[in-house]
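Asker: need coordinates for the following:
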Amino acid sequence: MTQAPAKPHRVVIVGAGFGGLEAAFGLAGAPVEITLIDRRNHHLFQPLLYQVATASLATSEIAWPIRYLLRDRPEVTTLFANVCGVDAAAKQVQLDDGGSIPYDTLILATGARHAYFGHDEWEPFAPGLKTLEDATTLRRRILVAFERAERETDPDKRAALLTFVIIGAGPTGVEMAGTIADLAKDTLPQDFRHIDTRKARVVLIEAGPRVLAGFPDDLSAYAQASLEKLGVEVMLGEPVTECSADGVVFGGKRLEARTIVWAAGVRASRAAEWLNAPADRAHRLQVEPDLTVPGHPDIFAVGDTVTINGPDGNPVPGIAPAAKQEGRYVAALIKARLDGKTLPPFRYKHAGSLAQIGKKKAVIDFGWLKLRGSLAWWIWGLAHIYFLIGVRHRIAVAMNWLWIHTRDQRAARLITQGSSKVAQ
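Answerer: Modelled structure (predicted):
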């Protein structure tokens, strides 16, 4: 009697960010059947998301349809769906439409959202930056502020419209502040007749003692000095205590501002809740050294969903290279297990930290080498172009940056999601 062929090992990946997609790529050639689930139909290059928010790049230049990226992988099924839970006993992923997907191995790469430290009511006034929707919303708010200031005759209201507050001075906050300052001072002045966009205030507020806290002190100091040279007002050691439609309160002072950007913290997805698993204060899963969830050797978690210490004893940073390394490791471990083998624990290798400051300066920390200024900006740009997917996207982004660098013009200054009559 002919024996039925063994069924492929079923791997379900929740999330098509850097970690989830890298795991899918890494499983190529393995005897597996993969189901990749994401609530959006695209993979997003988050490190450049702020450039969409500040009208430097178009959405299509930093995002790619998931189905397109996996079109040559017949063993991969992509589902456009929203996961709402995991039944670990039944080994099923639960969908919010009542459906469920069975698995033999589960990879949770569900990412994170911005966190307001107990003040979720601030979100409508101070949106964060994690999705394309976030970026286009912020782009609209920034551009609409200039448009409304052009028509505003009251000097106090006009000043509030031309005040942009960024809360949080990590890489995203620093990059947003520098780029908004460039936009106001270099790109827009000739476009308006009744306002001088160069008089716009860009205020960067940080509760900690310095900007770019994850960088060495000298690079942090350079970044702050460079921002201030661009005209950014850097406020350190003063946490924000109130956000509203009228502005912010920090250090006991009120600042009238109509555009506020939140870049102060993140909160992981609900993956820890789904599994009743241990998590840190940011709700990130505390995983085993092999990136499995405690008590669930068949469930892995990667990227912003998890917290795990690196070789130096500090938590692995929530950045794209870390998520990619974790996704690659999990794929290799699954392959090894299918061959009856195993691998040593995951070991993170830090490739370096990069942050742009305006359109012509950046800071880079490779550990063994620290760079700043224009040279760092060129290396920053080349590194980001290298990691983009597809030749067309690399050329488009490179041409956009070259145009901005030489002509001070941003082609993506489009106000979408409504007309001039619609509120911000």
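Asker: give me the residue at the spatial middle of this structure.
Answerer: Gln46 (4.0 Å; Cα atoms, centre = their mean).
Asker: correct me, but that one touches Ala320?
Answerer: Yes: Gln46 lies in contact with Ala320 (Cβ atoms under 8 Å); the separation is 6.7 Å. All C-beta atoms are positioned from the backbone trio N, CA, C, and that covers glycine.
Asker: any shared contact partners between these two?
Answerer: Residues within reach of Gln46 and of Ala320 at once, by Cβ atoms under 8 Å, 6 or more residues apart in numbering, are Phe18.
Asker: now the helices: where do they sit in the stretch 51-200 of the chain?
Answerer: Ranges of helices within the stretch 51-200 of the chain are 66-69, 132-151, 155-161, 171-182, based on DSSP state H, counting those that start in this stretch.
Asker: tell me which of the ones you listed lies nearest to Leu227.
Answerer: Proximity to Leu227, assessed across these by Cβ to Cβ, is greatest for helix 171-182 (5.9 Å).
Asker: show me how far that closest one is from its chain's centre.
Answerer: Helix 171-182 sits 14 Å away from the centroid of its parent chain (Cα atoms, centre = their mean, to the nearest Å).
Asker: bridging residues for Pro65?
Answerer: His42 (DSSP bridges).
Asker: so what's the closest residue in space to His283 that isn't next to it in sequence bridging to?
Answerer: Of all residues not flanking His283 in the chain, Ala268 sits nearest, at 4.4 Å (Cβ to Cβ, 6 or more residues apart in numbering). Taking DSSP bridges, one obtains Ala112 as the residues bridged to Ala268.
Asker: how about the contacts made by Ala268?
Answerer: 110-112, 279, 282-285, 304-306.
Asker: for it, report the pLDDT, please.
Answerer: Per-residue pLDDT puts Ala268 at 87.
Asker: relative to His119, how far out is it?
Answerer: To His119, Ala268 is 18 Å away according to Cβ to Cβ, to the nearest Å.
Asker: separation between the residue nearest to Gly128 when sequence neighbours are not counted and Gly265?
Answerer: Excluding its sequence neighbours, the residue lying closest to Gly128 (Cβ to Cβ, 6+ apart) is His114, at 2.9 Å. Going from His114 to Gly265 by Cβ to Cβ gives 7 Å.
Asker: more neighbours: the two, which one.
Answerer: Set His114 next to Gly265 and count neighbours by other Cβ atoms under 10 Å: His114 wins out with 20 against 16.
Asker: any idea how far the more buried one is from Arg210?
Answerer: 21 Å.
Asker: can you check Lys157 too?
Answerer: For Lys157, the distance to Arg210 - Cβ to Cβ - is 34 Å.
Asker: got it, and Ile66?
Answerer: With the distance defined as Cβ to Cβ, Ile66 ends up 39 Å from Arg210.
Asker: which stretches of this protein have low pLDDT?
Answerer: 1-5, 407, 411-412, 417-424 (pLDDT under 70).
Asker: now do the same end-to-end measure for stretch 313-323.
Answerer: 18 Å (Cα to Cα, to the nearest Å).
Asker: thinking Cys84 is in contact with Leu95, fair?
Answerer: Yes: if you go by Cβ under 8 Å, Cys84 and Leu95 touch, sitting 6.6 Å apart.
Asker: what ranges do the strands span in the stretch 301-424 of the chain?
Answerer: Along the stretch 301-424 of the chain, counting by DSSP state E, counting those that start in this stretch, strands occupy 306-307, 353-357, 361-365, 370-373.
Asker: for the shortest one, packing partners?
Answerer: Counting contacts by 3 or more Cβ pairs under 8 Å, 6 or more residues apart in numbering; DSSP states H and E, strand 306-307 packs against strand 285-286.
Asker: helices and strands around the strand it packs on, which ones?
Answerer: Against strand 285-286 (3+ Cβ pairs under 8 Å, 6+ apart) you get helix 271-275, strand 306-307.
Asker: so what's the gap between that strand and the chain middle?
Answerer: On the basis of Cα atoms, centre = their mean, strand 285-286 sits 20 Å off its chain's mean C-alpha point.
Asker: dump the residue contacts of the residue nearest to Trp274 when sequence neighbours are not counted.
Answerer: Of all residues not flanking Trp274 in the chain, Val86 sits nearest, at 4.4 Å (Cβ to Cβ, 6+ apart). Residues in contact with Val86, defined by Cβ under 8 Å, 6+ apart, are 92-94, 106, 108, 271, 274-275, 299.
Asker: out of the helices of the stretch 51-200 of the chain, deepest packed?
Answerer: The highest mean neighbour count among the helices of the stretch 51-200 of the chain, using mean count of other Cβ atoms under 10 Å, belongs to helix 171-182: a mean of 26.
Asker: relative to strand 361-365, how tilted is it?
Answerer: Counting by axes from the mean of the first three to the mean of the last three Cα atoms, to 10 degrees, helix 171-182 lies at 160 degrees to strand 361-365.
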